[in-house]
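Colleague: Structure of the sequence below:
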Amino acid sequence: MVAPALSVRSLSKRFELYERPVDRLKQTLWRGRRQFYREFWALREVGFTLSPGQALGVIGRNGSGKSTLLQLVAGTLTPTAGEVEARGRVAALLELGSGFNPEFSGRENVFLNGAILGLSHAEVRALMPELLAFADIGEFVDRPVKTYSSGMALRLAFAVATAVAPHILIVDEALAVGDEAFQRKCFARIEKIRETGTAVLFVSHSPLQILELCDVALLLDGGEMLLIDEPKRVVPEYQRILYAAPDAAVRLRKRIKAEGTAALDRDVATALPAASHTTQPDMAPGAGGQGDESRLAGGFDPDLRSMSTVEYASHGARILAPRITTATGDVVNVLTRGEVYAYSYDVQFLTAARRVRFGMMIKTTTGLELGGGTYPQSGGLDAEIPAGSRLSVRFEFRCHLFTGMYFVNAGVVGEADGTETYLHRLVDAVAFRVRPDNSGKQSGYVDFEVQVAVVRATEVGSA
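Modeller: Model (predicted):
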């Protein structure tokens, strides 16, 4: 049996918060006989193991304890209780420029960080050409780090951390500042070193990155471990908490924690996959992951709602009751890839309107517009719509989206005082998510349903 690369047991971290600087002095003088601080537990009783080659994604709302956990594992913070057992070399990317002396050049910092990782001067010198080629910062390598942009500092830091595959690689949100091409370069490097046995502890706010990169996901909230399971089960629970109203989030938190504790009691955690590059058997409905969606009758989650709706001023019309429905008319907000749905809303016209057009647009959580539709596609309705009218518009679509959170806009355009303008518009009118499936597909946002054919060609030059 292979020994774990990382073992975390009952890990807790308490911070002492002082209202005034003098209270810290008083606490020292009283030697603990009185307490002049407030206790804040950033982390409580977190435990897990990470096998060689395995990637664990840590996800949670802001302030949930993710960065504290990584700093404890990296050794930059001391735990209040519990222990961390790491086997082998640990490389960490926690904050941009951490471990770099801003007055030293990039090259000097490479040698300094190499020594911290246990590499000799000769080993670092031998790795330098490959390392600098990966970082690709040109002549800046011989300039002080304080002159670097955040992206340049990230490039050099990541190159150093992965120059010699560490036994454990810890990555916080630092990669978010890199450009898209460099992010892909980093993830390709992570995939490569995992094949040699590097375990990865990865924090991200991106559900897609957790789903694509990680074998196991850990949901933290309020410093507590709510759930550890396959990413396709953990990510939907994270999204429910993230987009739920405050009172609903408290109830969800209790339910997820209770189910997560029960799963650990049944030793489900020991059956988690060892590495993403191994083939996983399909899961039957009801067996975690996709089966977890069975509690949502008809695909509607009452705790999922748009918390970012922006309503534009009305110019003679008002959009009402935006909703997504199934072919049978059931309102849903949890969709299944490949199924047909309709996005509908009603429009109440407060004044007469001409050349009216209706529209919708589906967007990602970052605001990326994925596509939508308008009716009519050009011009507008020929007939004038009298004041007091109420129309309903329906856009039918097949869901070609991968697992994730999405939002839909609604807009009505028409002529007001002889000028075309939005009569009314709702941004992020409806929030919905696409449930995980077992197809093995997950890349980007949209499934183009590419059909693959393999053709055996004759060798070039043969008869």
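Colleague: the strands in the stretch 351-463 of the chain, which residues?
Modeller: In the stretch 351-463 of the chain, the segments counted as strands under DSSP state E, counting those that start in this stretch are 354-364, 369-375, 390-398, 404-416, 419-434.
Colleague: my bad, should have said the stretch 101-250 of the chain
Modeller: 168-171, 199-203, 216-221, 224-229.
Colleague: Packing partners of the second one?
Modeller: Judged by 3 or more CB pairs under 8 Å, 6 or more residues apart in numbering; DSSP states H and E, strand 199-203 is in contact with strand 55-60, helix 66-74, strand 168-171, helix 207-213. In this view, the C-beta of every residue, glycine as well, is placed from N, C-alpha and C.
Colleague: what's the closest of these to Thr336?
Modeller: helix 207-213 (16.1 Å; CB to CB).
Colleague: hang on, Ser51 packs against Ser7?
Modeller: No. At 10.3 Å, Ser51 does not count as touching Ser7 under the criterion of CB atoms under 8 Å.
Colleague: Looking at those two, which is more packed in?
Modeller: Ser51 (19 against 15; other CB atoms under 10 Å).
Colleague: which regions of the stretch 301-450 of the chain lie under the pLDDT threshold?
Modeller: 366, 439-443, 450 (pLDDT under 70).
Colleague: do you know which of the strands of the stretch 351-463 of the chain lies nearest Gly222?
Modeller: strand 404-416 (21.1 Å).
Colleague: Strand partners (parallel or antiparallel) of that closest one?
Modeller: strand 354-364 (antiparallel), strand 419-434 (antiparallel) (DSSP bridges).
Colleague: Now do that strand against strand 390-398: the angle between them, please.
Modeller: 140 degrees (axes from the mean of the first three to the mean of the last three CA atoms, to 10 degrees).
Colleague: ok so, going back, mind putting the strands of the stretch 101-250 of the chain into JSON lines with distance to Ala244?
Modeller: Below are those laid out as JSON lines (distance: least, CB to CB, whole Å):
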{"stretch": "strand 168-171", "distance to Ala244": "28"}
{"stretch": "strand 199-203", "distance to Ala244": "22"}
{"stretch": "strand 216-221", "distance to Ala244": "12"}
{"stretch": "strand 224-229", "distance to Ala244": "13"}
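Colleague: now the ones you listed as a markdown table including mean pLDDT and mean neighbour count?
Modeller: Output for those, formatted as a markdown table (pLDDT from 0 to 100; neighbours: other CB atoms under 10 Å):
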| stretch | mean pLDDT | mean neighbour count |
| --- | --- | --- |
| strand 168-171 | 91 | 24 |
| strand 199-203 | 92 | 26 |
| strand 216-221 | 94 | 25 |
| strand 224-229 | 93 | 23 |
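Colleague: Between the ones you listed, which one is closest to Val356.
Modeller: strand 216-221 (45.3 Å).
Colleague: Could you list the alpha-carbon positions for the closest one in CSV?
Modeller: Taking Å, rounded to 0.1, in the frame of the first residue of the first chain, the C-alpha atoms of strand 216-221 are listed here in CSV:
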residue,chain,number,x,y,z
VAL,A,216,-11.3,15.0,-5.0
ALA,A,217,-12.9,18.2,-3.8
LEU,A,218,-13.1,19.6,-0.3
LEU,A,219,-15.9,22.1,0.5
LEU,A,220,-15.0,24.6,3.3
ASP,A,221,-17.4,27.1,4.9
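Colleague: So which elements touch that strand?
Modeller: Partner elements for strand 216-221 (3+ CB pairs under 8 Å, 6+ apart): strand 38-50, strand 55-60, strand 224-229, helix 231-243, helix 246-265.
Colleague: Walk me through which strands the second one pairs with, and which way each runs.
Modeller: It stands for strand 55-60. Partners of strand 55-60 in its sheet, by DSSP bridges: strand 199-203 (parallel), strand 216-221 (parallel).
Colleague: Pull the residues that contact the first one.
Modeller: Right, the one you point to is strand 199-203. Residues from elsewhere that reach strand 199-203 (CB atoms under 8 Å, 6 or more residues apart in numbering): 5-6, 50-59, 66-67, 70, 73, 167-173, 190, 194, 209-210, 213-214.
Colleague: Repeat the analysis, applying 6 Å as the threshold.
Modeller: For strand 199-203, contacts defined as CB atoms under 6 Å, 6 or more residues apart in numbering pick out 5-6, 50, 52, 54-58, 66, 70, 168-172.
Colleague: Show me the two of the residues you listed that sit farthest apart.
Modeller: Greatest spatial distance in the contacts of strand 199-203: Pro52 and Lys66, 22.7 Å, computed using CB to CB.
Colleague: more neighbours, the two?
Modeller: Set Pro52 next to Lys66 and count neighbours by other CB under 10 Å: Lys66 wins out with 23 against 20.
Colleague: how's the chain carved up into domains?
Modeller: Domains of the chain are assigned by automatic domain parsing as 6-88+167-271, 310-434.
Colleague: Figure out which of those domains is closest to Pro144.
Modeller: Comparing these by CB to CB, domain 6-88+167-271 comes nearest, at 19.5 Å.
Colleague: For that closest one, what is the distance to the chain centroid?
Modeller: 13 Å (CA atoms, centre = their mean, to the nearest Å).
Colleague: Roughly how far does the residue lying closest to Pro4 once chain neighbours are set aside sit from Val8?
Modeller: Using CB to CB, 6 or more residues apart in numbering and skipping the chain neighbours, the partner closest in space to Pro4 is Thr49 (4.2 Å). Distance of Thr49 to Val8, given as CB to CB, to the nearest Å: 7 Å.
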